[in-house]
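Trainee: sequence plus predicted model, see below.
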Amino acid sequence: MRCNGVTWVSPFWGQLVRDHSEGQSMAQRPWRRTGMKPPAPAAVGVLLALALLALMHLPPAPHHSLLPLPAASPPGPPRAAAAALSGGQAYGRRLPVPRTHRRRQAPARSRRRRGTDRDAPPWLSADDLQKMRLLSRGQVVSKARVPAHGQVLRVGLRAAGDAKGDVSSASPEDCQDGRCGLIKRPGDLYEVLAFHLDRVLGLNRSLPAVARRFSSRLLPYSYTDGALRPIIWWAPDLQHLEDANNDQNSCALGWLQYQEMLQPRRPMLVARDAPCSSIPHSEWSRLALFDFLLQVHDRLDRYCCGFQPDPSEPCVEEMLHDKCRNPAELVLVHILVRRSAPSRLVFIDNAGRPQHPEDKLNFRLLQGIDSFPAAAVATLRSGRLQSLLLDSLRLDRELWESQGGAEGLRPLLHTIDRRAQILLRHIQQHNLTVFEESPP
(Lines give C-alpha, C1' and ligand atoms only; values in the text may rest on other atoms or scores of the structure.)
Protein backbone atom coordinates (compact mmCIF):
# COMPACT_ATOMS: atom_id res chain seq x y z
CA MET A 1 0.00 0.00 0.00
CA ARG A 2 1.39 3.41 -0.95
CA CYS A 3 0.71 6.62 0.97
CA ASN A 4 2.33 9.93 -0.05
CA GLY A 5 4.92 8.04 -2.06
CA VAL A 6 5.87 5.76 0.79
CA THR A 7 5.01 2.12 0.84
CA TRP A 8 3.17 1.27 4.12
CA VAL A 9 2.70 -2.24 5.36
CA SER A 10 0.19 -3.08 8.10
CA PRO A 11 2.00 -4.21 11.27
CA PHE A 12 -0.28 -7.19 11.52
CA TRP A 13 0.47 -8.29 7.96
CA GLY A 14 4.19 -7.48 8.30
CA GLN A 15 4.40 -9.77 11.29
CA LEU A 16 2.52 -12.43 9.36
CA VAL A 17 5.03 -12.21 6.43
CA ARG A 18 7.98 -12.42 8.81
CA ASP A 19 6.46 -15.41 10.55
CA HIS A 20 5.83 -16.98 7.14
CA SER A 21 9.46 -16.42 5.99
CA GLU A 22 10.89 -17.79 9.24
CA GLY A 23 8.51 -20.68 9.13
CA GLN A 24 9.49 -21.41 5.54
CA SER A 25 13.21 -21.48 6.31
CA MET A 26 12.61 -23.66 9.34
CA ALA A 27 10.33 -25.93 7.38
CA GLN A 28 12.95 -26.46 4.67
CA ARG A 29 15.40 -28.18 7.03
CA PRO A 30 13.57 -31.50 7.41
CA TRP A 31 12.99 -31.62 3.68
CA ARG A 32 16.72 -31.30 3.15
CA ARG A 33 17.48 -34.09 5.66
CA THR A 34 15.02 -36.49 4.02
CA GLY A 35 16.01 -35.63 0.53
CA MET A 36 12.50 -34.56 -0.33
CA LYS A 37 11.69 -31.41 -2.17
CA PRO A 38 10.19 -28.57 -0.14
CA PRO A 39 6.64 -27.64 -0.91
CA ALA A 40 6.08 -24.97 -3.46
CA PRO A 41 5.37 -21.40 -2.21
CA ALA A 42 1.90 -21.61 -3.66
CA ALA A 43 1.15 -24.57 -1.46
CA VAL A 44 2.32 -22.71 1.64
CA GLY A 45 0.07 -19.80 0.76
CA VAL A 46 -2.91 -22.11 0.45
CA LEU A 47 -2.16 -23.60 3.88
CA LEU A 48 -1.96 -20.14 5.46
CA ALA A 49 -5.23 -19.12 3.89
CA LEU A 50 -6.92 -22.23 5.26
CA ALA A 51 -5.52 -21.51 8.76
CA LEU A 52 -6.85 -17.94 8.67
CA LEU A 53 -10.25 -19.21 7.56
CA ALA A 54 -10.33 -21.68 10.47
CA LEU A 55 -9.49 -18.91 12.97
CA MET A 56 -12.37 -16.80 11.66
CA HIS A 57 -14.83 -19.60 12.44
CA LEU A 58 -13.72 -20.20 16.06
CA PRO A 59 -16.50 -19.50 18.69
CA PRO A 60 -16.23 -16.03 20.28
CA ALA A 61 -14.96 -15.52 23.83
CA PRO A 62 -17.63 -15.38 26.59
CA HIS A 63 -19.49 -12.10 26.33
CA HIS A 64 -19.59 -11.31 30.08
CA SER A 65 -15.84 -11.41 30.43
CA LEU A 66 -15.63 -8.33 28.25
CA LEU A 67 -18.08 -6.26 30.29
CA PRO A 68 -17.07 -4.02 33.22
CA LEU A 69 -18.59 -4.60 36.67
CA PRO A 70 -22.00 -2.96 37.00
CA ALA A 71 -21.99 0.43 38.69
CA ALA A 72 -24.35 -0.84 41.42
CA SER A 73 -22.04 -3.66 42.49
CA PRO A 74 -21.22 -3.40 46.19
CA PRO A 75 -17.67 -2.59 47.10
CA GLY A 76 -15.36 -5.30 48.30
CA PRO A 77 -14.22 -8.65 46.95
CA PRO A 78 -16.63 -10.66 44.77
CA ARG A 79 -16.91 -13.38 47.41
CA ALA A 80 -18.33 -10.97 49.93
CA ALA A 81 -21.03 -9.86 47.53
CA ALA A 82 -21.87 -13.47 46.69
CA ALA A 83 -22.20 -14.35 50.37
CA ALA A 84 -24.55 -11.44 50.96
CA LEU A 85 -26.80 -12.51 48.09
CA SER A 86 -26.94 -16.13 49.11
CA GLY A 87 -27.40 -15.85 52.86
CA GLY A 88 -23.78 -16.52 53.72
CA GLN A 89 -23.13 -19.20 51.04
CA ALA A 90 -21.85 -19.01 47.47
CA TYR A 91 -21.68 -21.71 44.82
CA GLY A 92 -23.03 -24.34 47.16
CA ARG A 93 -20.50 -23.95 49.97
CA ARG A 94 -19.83 -21.60 52.88
CA LEU A 95 -17.22 -19.01 52.15
CA PRO A 96 -14.19 -18.98 54.42
CA VAL A 97 -13.46 -15.79 56.34
CA PRO A 98 -9.85 -14.59 56.14
CA ARG A 99 -7.94 -14.93 59.39
CA THR A 100 -7.17 -11.24 59.59
CA HIS A 101 -10.88 -10.42 59.25
CA ARG A 102 -11.77 -12.83 62.02
CA ARG A 103 -9.24 -11.23 64.33
CA ARG A 104 -10.52 -7.78 63.51
CA GLN A 105 -14.15 -8.73 64.18
CA ALA A 106 -13.58 -10.58 67.44
CA PRO A 107 -13.46 -7.48 69.68
CA ALA A 108 -16.73 -6.19 68.17
CA ARG A 109 -18.51 -9.44 68.97
CA SER A 110 -17.04 -9.34 72.45
CA ARG A 111 -18.33 -5.79 72.95
CA ARG A 112 -21.83 -6.81 71.90
CA ARG A 113 -21.72 -9.75 74.27
CA ARG A 114 -20.65 -7.67 77.25
CA GLY A 115 -23.08 -4.90 76.32
CA THR A 116 -24.21 -2.82 79.25
CA ASP A 117 -21.41 -3.84 81.63
CA ARG A 118 -18.68 -2.49 79.37
CA ASP A 119 -20.41 0.84 78.79
CA ALA A 120 -21.65 1.33 82.35
CA PRO A 121 -20.39 4.42 84.22
CA PRO A 122 -18.26 3.80 87.32
CA TRP A 123 -20.92 4.91 89.81
CA LEU A 124 -23.03 1.84 88.98
CA SER A 125 -21.66 -1.21 90.77
CA ALA A 126 -21.58 -4.75 89.45
CA ASP A 127 -24.41 -5.55 91.86
CA ASP A 128 -26.46 -2.64 90.46
CA LEU A 129 -25.98 -3.91 86.91
CA GLN A 130 -26.91 -7.46 87.86
CA LYS A 131 -30.14 -6.31 89.49
CA MET A 132 -30.95 -4.01 86.56
CA ARG A 133 -30.59 -6.94 84.16
CA LEU A 134 -32.89 -9.05 86.34
CA LEU A 135 -35.50 -6.30 86.45
CA SER A 136 -35.38 -5.52 82.73
CA ARG A 137 -35.14 -9.06 81.32
CA GLY A 138 -36.31 -11.46 84.02
CA GLN A 139 -39.33 -13.66 83.32
CA VAL A 140 -42.31 -13.00 85.60
CA VAL A 141 -43.00 -16.24 87.49
CA SER A 142 -45.29 -15.09 90.33
CA LYS A 143 -47.28 -12.10 91.51
CA ALA A 144 -48.77 -10.82 94.75
CA ARG A 145 -50.58 -7.68 95.86
CA VAL A 146 -48.89 -5.35 98.31
CA PRO A 147 -51.17 -4.45 101.25
CA ALA A 148 -52.39 -0.82 101.22
CA HIS A 149 -50.88 -0.32 97.77
CA GLY A 150 -53.64 -1.23 95.35
CA GLN A 151 -51.76 -0.36 92.13
CA VAL A 152 -48.47 -2.01 93.08
CA LEU A 153 -47.63 -5.64 92.30
CA ARG A 154 -44.75 -7.62 93.71
CA VAL A 155 -43.51 -10.10 91.13
CA GLY A 156 -41.03 -12.94 91.25
CA LEU A 157 -38.48 -12.94 88.45
CA ARG A 158 -36.45 -15.68 86.85
CA ALA A 159 -33.19 -14.57 85.32
CA ALA A 160 -32.24 -15.63 81.81
CA GLY A 161 -30.38 -18.93 81.93
CA ASP A 162 -31.98 -20.17 85.15
CA ALA A 163 -33.29 -23.72 85.13
CA LYS A 164 -36.86 -23.71 83.91
CA GLY A 165 -39.54 -25.10 86.12
CA ASP A 166 -43.26 -24.89 86.65
CA VAL A 167 -44.07 -21.18 86.69
CA SER A 168 -47.42 -21.80 88.36
CA SER A 169 -45.67 -23.33 91.38
CA ALA A 170 -43.71 -20.14 92.13
CA SER A 171 -44.86 -18.15 95.13
CA PRO A 172 -44.16 -14.72 96.61
CA GLU A 173 -42.08 -16.40 99.33
CA ASP A 174 -39.46 -16.97 96.65
CA CYS A 175 -38.63 -13.27 97.02
CA GLN A 176 -36.36 -14.15 99.92
CA ASP A 177 -33.68 -15.00 97.37
CA GLY A 178 -33.65 -11.39 96.15
CA ARG A 179 -35.21 -12.08 92.75
CA CYS A 180 -38.33 -9.95 93.00
CA GLY A 181 -39.44 -6.48 92.04
CA LEU A 182 -42.27 -4.02 92.59
CA ILE A 183 -44.15 -2.97 89.46
CA LYS A 184 -45.52 0.52 90.00
CA ARG A 185 -47.74 2.93 88.11
CA PRO A 186 -46.72 4.53 84.80
CA GLY A 187 -46.81 7.88 86.57
CA ASP A 188 -44.00 6.71 88.88
CA LEU A 189 -41.37 6.56 86.13
CA TYR A 190 -39.58 9.42 87.87
CA GLU A 191 -38.32 6.78 90.31
CA VAL A 192 -35.98 5.47 87.61
CA LEU A 193 -34.40 8.91 87.22
CA ALA A 194 -34.20 9.15 91.02
CA PHE A 195 -32.21 5.90 91.17
CA HIS A 196 -29.66 7.24 88.69
CA LEU A 197 -29.45 10.56 90.55
CA ASP A 198 -28.74 8.65 93.75
CA ARG A 199 -25.86 6.79 92.12
CA VAL A 200 -24.42 9.83 90.32
CA LEU A 201 -24.26 11.71 93.64
CA GLY A 202 -22.62 8.74 95.36
CA LEU A 203 -25.37 8.38 97.98
CA ASN A 204 -26.11 4.71 97.19
CA ARG A 205 -29.26 4.50 99.28
CA SER A 206 -31.92 3.89 96.60
CA LEU A 207 -32.93 0.47 95.29
CA PRO A 208 -32.19 -0.33 91.62
CA ALA A 209 -35.00 0.61 89.24
CA VAL A 210 -35.60 0.30 85.50
CA ALA A 211 -38.41 1.10 83.06
CA ARG A 212 -40.07 -1.87 81.37
CA ARG A 213 -43.06 -3.02 79.32
CA PHE A 214 -44.65 -6.28 80.41
CA SER A 215 -46.30 -9.06 78.42
CA SER A 216 -46.59 -11.91 80.92
CA ARG A 217 -49.91 -13.74 80.99
CA LEU A 218 -49.64 -13.87 84.78
CA LEU A 219 -50.23 -10.13 85.01
CA PRO A 220 -53.55 -8.28 84.73
CA TYR A 221 -54.27 -6.66 81.38
CA SER A 222 -53.70 -3.17 82.78
CA TYR A 223 -50.07 -4.18 83.29
CA THR A 224 -49.62 -5.63 79.79
CA ASP A 225 -51.27 -2.92 77.68
CA GLY A 226 -47.92 -1.63 76.41
CA ALA A 227 -47.54 1.18 78.93
CA LEU A 228 -44.06 1.75 80.32
CA ARG A 229 -43.86 1.14 84.06
CA PRO A 230 -41.07 1.32 86.62
CA ILE A 231 -40.02 -1.86 88.35
CA ILE A 232 -37.97 -1.51 91.54
CA TRP A 233 -35.87 -4.22 93.10
CA TRP A 234 -37.44 -5.77 96.19
CA ALA A 235 -34.95 -5.85 99.09
CA PRO A 236 -35.85 -9.05 101.00
CA ASP A 237 -34.52 -7.86 104.37
CA LEU A 238 -36.25 -4.50 104.71
CA GLN A 239 -37.19 -4.05 108.34
CA HIS A 240 -40.87 -3.23 108.93
CA LEU A 241 -42.75 -2.45 112.12
CA GLU A 242 -45.25 -5.06 113.20
CA ASP A 243 -47.92 -2.39 113.51
CA ALA A 244 -50.19 -2.87 110.47
CA ASN A 245 -51.01 0.85 110.49
CA ASN A 246 -47.36 1.86 110.45
CA ASP A 247 -45.64 -0.96 108.57
CA GLN A 248 -43.92 1.40 106.11
CA ASN A 249 -41.36 2.36 108.77
CA SER A 250 -38.51 0.58 110.46
CA CYS A 251 -38.92 2.87 113.46
CA ALA A 252 -41.65 5.23 114.60
CA LEU A 253 -40.34 8.77 114.56
CA GLY A 254 -42.19 12.06 115.04
CA TRP A 255 -41.14 15.42 113.64
CA LEU A 256 -40.19 16.86 117.04
CA GLN A 257 -38.13 13.78 117.93
CA TYR A 258 -36.42 14.01 114.56
CA GLN A 259 -35.49 17.66 115.07
CA GLU A 260 -34.15 16.84 118.53
CA MET A 261 -31.94 14.11 117.07
CA LEU A 262 -30.44 16.62 114.64
CA GLN A 263 -29.40 19.10 117.35
CA PRO A 264 -25.60 19.47 117.39
CA ARG A 265 -23.59 18.92 120.55
CA ARG A 266 -26.49 17.63 122.55
CA PRO A 267 -25.68 17.31 126.27
CA MET A 268 -27.08 13.80 126.39
CA LEU A 269 -26.72 11.03 123.87
CA VAL A 270 -29.85 9.45 122.50
CA ALA A 271 -30.69 6.33 124.45
CA ARG A 272 -30.03 3.07 122.68
CA ASP A 273 -33.69 2.12 122.82
CA ALA A 274 -34.84 5.46 121.36
CA PRO A 275 -36.50 5.27 117.93
CA CYS A 276 -34.01 5.22 115.03
CA SER A 277 -31.08 5.63 117.44
CA SER A 278 -28.86 3.51 115.18
CA ILE A 279 -29.19 5.97 112.28
CA PRO A 280 -26.36 8.56 112.34
CA HIS A 281 -26.71 12.24 111.42
CA SER A 282 -24.97 11.73 108.09
CA GLU A 283 -27.84 9.52 106.91
CA TRP A 284 -30.38 12.27 107.49
CA SER A 285 -28.15 14.69 105.57
CA ARG A 286 -28.09 12.38 102.57
CA LEU A 287 -31.86 11.97 102.74
CA ALA A 288 -32.49 15.72 103.01
CA LEU A 289 -30.24 16.52 100.04
CA PHE A 290 -31.84 13.79 97.91
CA ASP A 291 -35.41 14.73 98.82
CA PHE A 292 -34.82 18.43 98.20
CA LEU A 293 -33.49 17.84 94.67
CA LEU A 294 -36.46 15.60 93.84
CA GLN A 295 -38.96 17.46 96.04
CA VAL A 296 -40.06 14.26 97.75
CA HIS A 297 -42.36 15.32 100.60
CA ASP A 298 -43.71 11.96 101.71
CA ARG A 299 -40.85 11.10 104.05
CA LEU A 300 -39.94 14.23 105.98
CA ASP A 301 -42.97 16.43 105.27
CA ARG A 302 -45.93 14.35 104.18
CA TYR A 303 -48.23 17.07 105.56
CA CYS A 304 -46.87 19.71 103.13
CA CYS A 305 -46.05 22.05 106.01
CA GLY A 306 -43.08 23.54 104.18
CA PHE A 307 -45.06 25.12 101.31
CA GLN A 308 -48.58 26.12 100.38
CA PRO A 309 -50.02 23.08 98.58
CA ASP A 310 -52.57 23.14 95.80
CA PRO A 311 -56.07 21.86 96.66
CA SER A 312 -55.41 18.79 94.48
CA GLU A 313 -52.43 17.69 96.61
CA PRO A 314 -53.05 14.44 98.53
CA CYS A 315 -52.00 16.14 101.74
CA VAL A 316 -54.92 18.54 101.31
CA GLU A 317 -57.45 15.99 100.08
CA GLU A 318 -56.63 13.72 103.02
CA MET A 319 -56.80 16.68 105.42
CA LEU A 320 -53.21 16.14 106.53
CA HIS A 321 -52.19 19.73 105.94
CA ASP A 322 -54.45 20.87 108.77
CA LYS A 323 -52.21 19.06 111.27
CA CYS A 324 -49.37 21.47 110.59
CA ARG A 325 -50.83 23.62 113.38
CA ASN A 326 -49.82 20.97 115.92
CA PRO A 327 -46.23 19.77 115.31
CA ALA A 328 -46.61 17.04 117.94
CA GLU A 329 -48.96 15.19 115.56
CA LEU A 330 -46.52 15.15 112.67
CA VAL A 331 -44.74 11.88 111.95
CA LEU A 332 -42.15 10.75 109.42
CA VAL A 333 -42.93 7.90 107.02
CA HIS A 334 -40.92 5.58 104.79
CA ILE A 335 -38.02 5.68 107.22
CA LEU A 336 -36.60 2.26 106.46
CA VAL A 337 -33.39 0.32 107.02
CA ARG A 338 -32.30 -3.20 106.14
CA ARG A 339 -31.63 -5.82 108.76
CA SER A 340 -28.24 -6.39 107.19
CA ALA A 341 -27.37 -2.66 107.55
CA PRO A 342 -29.48 -1.10 110.34
CA SER A 343 -27.48 2.16 110.33
CA ARG A 344 -28.11 2.96 106.67
CA LEU A 345 -31.38 4.41 105.40
CA VAL A 346 -33.07 2.92 102.36
CA PHE A 347 -34.75 5.43 100.06
CA ILE A 348 -38.06 4.11 98.67
CA ASP A 349 -40.98 5.78 96.89
CA ASN A 350 -38.73 8.33 95.20
CA ALA A 351 -41.12 9.56 92.52
CA GLY A 352 -41.00 13.11 93.85
CA ARG A 353 -42.42 16.07 91.94
CA PRO A 354 -40.63 16.94 88.73
CA GLN A 355 -43.03 19.80 87.98
CA HIS A 356 -42.99 21.35 91.45
CA PRO A 357 -42.63 25.12 90.92
CA GLU A 358 -39.36 26.73 91.87
CA ASP A 359 -41.05 29.44 93.94
CA LYS A 360 -42.64 26.76 96.15
CA LEU A 361 -39.58 24.65 96.91
CA ASN A 362 -39.92 22.92 100.26
CA PHE A 363 -37.04 24.11 102.45
CA ARG A 364 -38.57 22.36 105.45
CA LEU A 365 -36.88 19.24 104.07
CA LEU A 366 -33.53 20.86 104.98
CA GLN A 367 -34.54 21.99 108.47
CA GLY A 368 -32.08 20.91 111.15
CA ILE A 369 -29.45 19.72 108.64
CA ASP A 370 -26.09 21.44 109.23
CA SER A 371 -23.80 19.49 106.89
CA PHE A 372 -23.92 17.55 103.65
CA PRO A 373 -21.84 14.80 102.00
CA ALA A 374 -18.76 16.29 100.36
CA ALA A 375 -18.77 14.07 97.25
CA ALA A 376 -22.39 14.90 96.44
CA VAL A 377 -21.84 18.63 96.95
CA ALA A 378 -18.73 18.50 94.73
CA THR A 379 -20.79 16.90 91.96
CA LEU A 380 -23.43 19.60 92.25
CA ARG A 381 -20.74 22.28 92.07
CA SER A 382 -18.98 20.71 89.08
CA GLY A 383 -21.57 21.91 86.57
CA ARG A 384 -21.65 18.38 85.09
CA LEU A 385 -24.74 17.04 86.85
CA GLN A 386 -26.86 16.97 83.69
CA SER A 387 -24.23 15.31 81.52
CA LEU A 388 -23.48 12.69 84.20
CA LEU A 389 -27.18 11.87 84.50
CA LEU A 390 -27.44 11.51 80.71
CA ASP A 391 -24.50 9.11 80.72
CA SER A 392 -26.25 7.03 83.36
CA LEU A 393 -29.77 7.14 81.92
CA ARG A 394 -28.53 5.91 78.52
CA LEU A 395 -28.28 2.44 80.05
CA ASP A 396 -32.06 2.29 80.44
CA ARG A 397 -32.99 2.04 76.77
CA GLU A 398 -36.73 1.81 77.42
CA LEU A 399 -36.81 5.02 79.44
CA TRP A 400 -34.32 6.75 77.13
CA GLU A 401 -36.31 6.08 73.96
CA SER A 402 -39.71 6.74 75.54
CA GLN A 403 -38.59 10.20 76.66
CA GLY A 404 -37.02 11.16 73.35
CA GLY A 405 -33.40 10.65 74.32
CA ALA A 406 -31.20 13.47 75.58
CA GLU A 407 -33.36 16.25 74.17
CA GLY A 408 -36.52 14.90 75.78
CA LEU A 409 -34.84 14.42 79.16
CA ARG A 410 -33.08 17.78 79.33
CA PRO A 411 -36.07 19.72 80.77
CA LEU A 412 -36.26 17.32 83.74
CA LEU A 413 -32.50 17.39 84.25
CA HIS A 414 -32.47 21.17 83.99
CA THR A 415 -35.06 21.35 86.78
CA ILE A 416 -32.90 19.17 89.04
CA ASP A 417 -29.83 21.23 88.17
CA ARG A 418 -31.66 24.45 89.05
CA ARG A 419 -32.62 22.99 92.43
CA ALA A 420 -28.99 21.98 92.92
CA GLN A 421 -27.85 25.56 92.43
CA ILE A 422 -30.47 26.76 94.92
CA LEU A 423 -29.28 24.15 97.42
CA LEU A 424 -25.67 25.28 96.97
CA ARG A 425 -26.75 28.86 97.60
CA HIS A 426 -28.56 27.70 100.76
CA ILE A 427 -25.38 25.96 101.98
CA GLN A 428 -23.33 29.10 101.37
CA GLN A 429 -25.80 31.52 102.93
CA HIS A 430 -26.14 29.46 106.12
CA ASN A 431 -22.42 28.65 106.29
CA LEU A 432 -23.11 24.90 106.35
CA THR A 433 -20.30 22.38 106.17
CA VAL A 434 -19.57 19.20 104.24
CA PHE A 435 -18.33 15.86 105.54
CA GLU A 436 -16.32 13.11 103.94
CA GLU A 437 -18.00 9.81 103.22
CA SER A 438 -17.29 7.04 105.69
CA PRO A 439 -16.26 3.66 104.23
CA PRO A 440 -19.16 1.19 103.87
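Mentor: Thanks, I have it. Numbering: from 1, shown residues only.
Trainee: can you pull out the strands in the stretch 301-440 of the chain?
Mentor: In the stretch 301-440 of the chain, the strands defined using DSSP state E, counting those that start in this stretch lie at 336-338, 341-346, 371-373, 433-435.
Trainee: buried stuff in the third one?
Mentor: If you call a residue buried by 16 or more other CB atoms under 10 Å, then strand 371-373 has these buried ones: Phe372, Pro373. For glycine as for every other residue, the C-beta is placed from the backbone atoms N, C-alpha and C.
Trainee: just checking, what packs against that strand?
Mentor: helix 281-294, strand 433-435 (3 or more CB pairs under 8 Å, 6 or more residues apart in numbering; DSSP states H and E).
Trainee: kindly reformat these as JSON lines containing mean neighbour count, distance to Ala126 and mean pLDDT.
Mentor: Shown next, in JSON lines, are these (neighbours: other CB atoms under 10 Å; distance: least, CB to CB, whole Å; pLDDT from 0 to 100):
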{"stretch": "helix 281-294", "mean neighbour count": "22", "distance to Ala126": "22", "mean pLDDT": "97"}
{"stretch": "strand 433-435", "mean neighbour count": "13", "distance to Ala126": "27", "mean pLDDT": "96"}
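Trainee: please identify which of these is closest to Ala420.
Mentor: The stretch from the helices and strands packed on strand 371-373 with the least distance to Ala420 (CB to CB) is helix 281-294; that distance is 6.2 Å.
Trainee: quick one, which of the strands of the stretch 301-440 of the chain gets closest to Gln386.
Mentor: Taking the strands of the stretch 301-440 of the chain one by one with CB to CB, strand 371-373 is closest: 19.7 Å.
Trainee: okay, now the sheet partners of that closest one, with direction.
Mentor: Applying DSSP bridges to the sheet, strand 371-373 is found paired with strand 433-435 (parallel).
Trainee: can you list contacts of the partner strand?
Mentor: Counting by CB atoms under 8 Å, 6 or more residues apart in numbering, strand 433-435 makes contact with Ser282, Ser285, Asp370, Ser371, Phe372, Pro373, Ala374, Val377, Ile427, all of which sit outside it.
Trainee: lowest average confidence, helix or strand, in the chain?
Mentor: The helix or strand of the chain with the poorest confidence is helix 78-85; it has a mean of 30 (mean pLDDT, DSSP states H and E).
Trainee: what segments of the stretch 151-300 of the chain are helices?
Mentor: Counting by DSSP state H, counting those that start in this stretch, the stretch 151-300 of the chain has these helices, from start to end: 190-200, 255-261, 281-294.
Trainee: got these as CSV, with distance to Arg410 columns?
Mentor: Conversion of the helices of the stretch 151-300 of the chain to CSV gives the following (distance: least, CB to CB, whole Å):
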stretch, distance to Arg410
helix 190-200, 12
helix 255-261, 36
helix 281-294, 16
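Trainee: ok, Tyr303 - contacts?
Mentor: Residues in contact with Tyr303, defined by CB under 8 Å, 6+ apart, are Cys315, Leu320, His321, Lys323, Cys324, Leu330.
Trainee: quick check: closest non-adjacent residue to it.
Mentor: Of all residues beyond its chain neighbours, the one nearest Tyr303 is Leu320 (4.6 Å), with distances taken as CB to CB, 6 or more residues apart in numbering.
Trainee: what's the distance between that neighbour and Val141?
Mentor: Counting by CB to CB, to the nearest Å, the gap between Leu320 and Val141 amounts to 38 Å.
Trainee: out of the two, which sits in the busier spot?
Mentor: Val141 (23 against 18; other CB atoms under 10 Å).
Trainee: ok, Ser250 - contacts?
Mentor: Contacts were defined as CB under 8 Å, 6+ apart; by that measure Ser250 touches Leu238, Gln239, His240, Leu241, Cys276, Ile335, Leu336, Val337, Pro342.
Trainee: what of Leu153?
Mentor: Per CB under 8 Å, 6+ apart, neighbours of Leu153: Lys143, Ala144, Arg145, Val146, Leu182, Ile183, Leu219, Tyr223.
Trainee: let's see that with 10 Å instead.
Mentor: Applying CB atoms under 10 Å, 6 or more residues apart in numbering, one finds that Leu153 lies in contact with 140, 143-146, 181-184, 214, 218-220, 223, 229, 231.
Trainee: could you list which of the residues you listed belong to strands?
Mentor: Val140, Lys143, Ala144, Arg145, Val146, Gly181, Leu182, Ile183, Arg229, Ile231 (DSSP state E).
Trainee: distance to Val296 for the strands of the stretch 301-440 of the chain - can I get that in TSV?
Mentor: Putting these into TSV (distance: least, CB to CB, whole Å) gives the following:
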stretch	distance to Val296
strand 336-338	14
strand 341-346	13
strand 371-373	16
strand 433-435	22
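Trainee: just so I know, which of these lies nearest Gly202?
Mentor: Proximity to Gly202 (CB to CB) singles out strand 371-373 among the strands of the stretch 301-440 of the chain, at 7.2 Å.
Trainee: list of residues touching the closest one?
Mentor: Counting by CB under 10 Å, 6+ apart, the neighbours of strand 371-373 from elsewhere in the structure are 201-203, 264, 281-282, 285-286, 288-289, 292, 366, 377, 379-380, 423-424, 426-427, 432-438.
Trainee: what is the rounded mean pLDDT of that strand?
Mentor: Here the mean pLDDT over strand 371-373 is 98, rounded to a whole number.
Trainee: sorry, back to before: of the contacts of Ser250, just the buried ones, PyMOL syntax please.
Mentor: Listed next is the PyMOL selection for buried residues among the contacts of Ser250, using 16+ other CB under 10 Å:
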select buried, resi 238+239+276+335+336+337
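Trainee: same list (the contacts of Ser250) but as a markdown table, adding distance to Asp128.
Mentor: As requested, the contacts of Ser250 are exported to a markdown table (distance: CB to CB, whole Å):
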| residue | distance to Asp128 |
| --- | --- |
| Leu238 | 18 |
| Gln239 | 22 |
| His240 | 24 |
| Leu241 | 28 |
| Cys276 | 26 |
| Ile335 | 23 |
| Leu336 | 19 |
| Val337 | 19 |
| Pro342 | 22 |
